[in-house]
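Visitor: Sequence first, predicted model second:
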Amino acid sequence: MDIYKILNDKKYIECIHELINDKILSLDNFTHHKNTTRLRHCLKVSYLNYRICRFLRLDARSAARAGLLHDLFFYETKSYNKKLYGKNHFRQHPKTALENAVSMFEINNIEKDIILTHMWPATLTLPRSFEGFITMLVDKYCAVTDILGSSQKKSRL
């Protein structure tokens with residue numbers, strides 16, 4: 001996905017502009033799915049959520065915002081300490097992302113649902129909103145394209 005297309009979509013940027021700060025931008029320092037950064041991945045999920053939900057006349061703003069925040073954790077995945085945090089990163093990170101999002105921003109219930117349930121069925125927490133189901137599917141699609149997209153290996157913004 002062309003990052004410049006994403007950043008030049010004014011209506012999309014209106015949805016997420018208040019979330020952009022140094023902490024969010026720092027996600028560009030973390031490798032994600034081996035071939036990209038966490039910020040790039042979150043922007044892709046956010047933008048696809050926005051486009052699909054807008055097309056379906058759903059809450060595109062909430063879908064865009066939650067897509068940007070769905071992997072809001074500040075550590076390298078391979079350094080996750082299972083003994084310290086319990087479970088495993090795969091199952092725990094939606095809760096961590098939600099805690100971080102709530103501590104940094106005012107987010108609505110749809111956004112909370114999206115962040116918390118984006119790893120279904122692994123987390124066993126079923127999305128309660130259409131936007132949540134869309135995000136769950138979009139995140140999986142983006143993860144596959146991130147892993148297969150070796151031409152942008154660890155590309156940063």
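Guide: Noted; the coordinates are in hand. Residues are numbered from 1 along each chain as shown.

Visitor: L25 versus E131, what's the distance?
Guide: Distance, E131 to L25, using CB to CB, to the nearest Å: 25 Å. Where C-beta positions appear, they are placed from N, C-alpha and C, glycine not excepted.

Visitor: out of those two, which sits in the more crowded spot?
Guide: Per other CB atoms under 10 Å, whichever of E131 and L25 has more neighbours is E131, with 26 against 11.

Visitor: The more buried one: what's it in contact with?
Guide: Contacts for E131 (CB atoms under 8 Å, 6 or more residues apart in numbering) come out as N49, C53, L58, D59, S62, A63, A66, I110, D113, I114.

Visitor: residue contacts, the fifth one?
Guide: For S62, the set of contacting residues under the criterion of CB under 8 Å, 6+ apart consists of C53, N108, I110, E111, I114, E131.

Visitor: quick one: which of those residues is most hemmed in?
Guide: The most neighbours of any of the contacts of S62, using other CB under 10 Å, belong to I114, which has 33 neighbours.

Visitor: Validate this expectation: that one resides in a helix.
Guide: Yes. Assessed by DSSP: H, G, I helix; E, B strand; the rest coil, I114 belongs to a helix.

Visitor: Report the helix or strand with the lowest average pLDDT across this protein.
Guide: Here the helix or strand of the chain ranked lowest by mean pLDDT, DSSP states H and E is helix 82-85, holding a mean of 55.
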